[in-house]
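J.: Show me how the following folds:
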Amino acid sequence: MAYSANQIRNKEQHREDRKAHNDITNKCVSENFRNPTWKHKSNDNNAVINKRLINNIILLELFLFSFIT
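T.: Here you go, the predicted structure:
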(Lines give C-alpha, C1' and ligand atoms only; values in the text may rest on other atoms or scores of the structure.)
Protein backbone atom coordinates (compact mmCIF):
# COMPACT_ATOMS: atom_id res chain seq x y z
CA MET A 1 0.00 0.00 0.00
CA ALA A 2 1.42 3.37 -1.01
CA TYR A 3 1.12 6.32 1.36
CA SER A 4 0.04 9.72 0.13
CA ALA A 5 2.25 12.75 0.76
CA ASN A 6 -0.20 13.94 3.42
CA GLN A 7 -0.08 10.59 5.26
CA ILE A 8 3.73 10.65 5.20
CA ARG A 9 3.74 14.21 6.62
CA ASN A 10 1.29 13.17 9.33
CA LYS A 11 3.44 10.18 10.26
CA GLU A 12 6.55 12.36 10.44
CA GLN A 13 4.75 14.99 12.52
CA HIS A 14 3.45 12.30 14.86
CA ARG A 15 6.96 10.88 15.23
CA GLU A 16 8.35 14.36 16.04
CA ASP A 17 5.56 15.03 18.55
CA ARG A 18 6.15 11.68 20.25
CA LYS A 19 9.91 12.36 20.41
CA ALA A 20 9.31 15.80 21.95
CA HIS A 21 6.91 14.29 24.48
CA ASN A 22 9.44 11.58 25.38
CA ASP A 23 12.19 14.19 25.77
CA ILE A 24 10.05 16.19 28.20
CA THR A 25 9.04 13.05 30.11
CA ASN A 26 12.64 11.87 30.38
CA LYS A 27 13.74 15.32 31.59
CA CYS A 28 11.05 15.33 34.29
CA VAL A 29 11.92 11.81 35.41
CA SER A 30 15.65 12.55 35.58
CA GLU A 31 14.96 15.82 37.45
CA ASN A 32 12.87 13.89 39.96
CA PHE A 33 15.75 11.47 40.54
CA ARG A 34 18.20 14.35 41.01
CA ASN A 35 15.88 16.26 43.33
CA PRO A 36 13.27 13.84 44.69
CA THR A 37 12.12 16.08 47.54
CA TRP A 38 10.44 18.81 45.47
CA LYS A 39 7.29 16.74 45.05
CA HIS A 40 7.11 15.79 48.72
CA LYS A 41 7.45 19.41 49.82
CA SER A 42 4.55 20.39 47.60
CA ASN A 43 2.42 17.55 48.95
CA ASP A 44 3.28 18.48 52.55
CA ASN A 45 2.15 22.06 51.97
CA ASN A 46 -1.10 20.83 50.47
CA ALA A 47 -1.63 18.48 53.41
CA VAL A 48 -1.27 21.37 55.89
CA ILE A 49 -3.74 23.46 53.92
CA ASN A 50 -6.19 20.57 53.66
CA LYS A 51 -5.93 19.81 57.38
CA ARG A 52 -6.52 23.47 58.23
CA LEU A 53 -9.49 23.60 55.88
CA ILE A 54 -11.03 20.48 57.41
CA ASN A 55 -10.54 21.87 60.91
CA ASN A 56 -12.23 25.13 59.89
CA ILE A 57 -15.17 23.26 58.40
CA ILE A 58 -15.57 21.21 61.58
CA LEU A 59 -15.47 24.36 63.73
CA LEU A 60 -18.03 26.02 61.48
CA GLU A 61 -20.33 23.00 61.72
CA LEU A 62 -20.03 22.96 65.51
CA PHE A 63 -20.73 26.69 65.64
CA LEU A 64 -23.81 26.40 63.43
CA PHE A 65 -24.99 23.29 65.26
CA SER A 66 -24.88 25.19 68.56
CA PHE A 67 -27.56 27.57 67.22
CA ILE A 68 -29.84 24.71 66.21
CA THR A 69 -29.80 22.97 69.59
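J.: what about the helices in this structure?
T.: Here the chain has its helices, by DSSP state H, at 5-34, 37-68.
J.: Could you check how far A20 is from N6?
T.: Using CB to CB, to the nearest Å, one gets 21 Å for the distance from A20 to N6. C-beta here means a position set from N, CA and C on the backbone, and glycine is covered the same way.
J.: repeat for E12
T.: Distance, E12 to N6, using CB to CB: 11 Å.
J.: and the helices of the chain, which one is worst for confidence?
T.: Among those, helix 37-68 has the lowest mean pLDDT, at a mean of 74.
J.: residues contacting Y3?
T.: Y3 sits next to K11 when contact means CB atoms under 8 Å, 6 or more residues apart in numbering.
J.: count of residues packed around N22?
T.: Per other CB atoms under 10 Å, the neighbour tally for N22 reads 10.
J.: swap that for I68, sorry
T.: Residues contacting I68 under the criterion other CB under 10 Å number 5.
J.: same question, Q13
T.: For Q13, the count of nearby residues is 10 (other CB under 10 Å).
J.: what's the answer for the one 10 residues further on, then?
T.: As a burial measure, the neighbour count of D23 was computed by other CB under 10 Å and equals 10.
J.: Perfect, that will be all.
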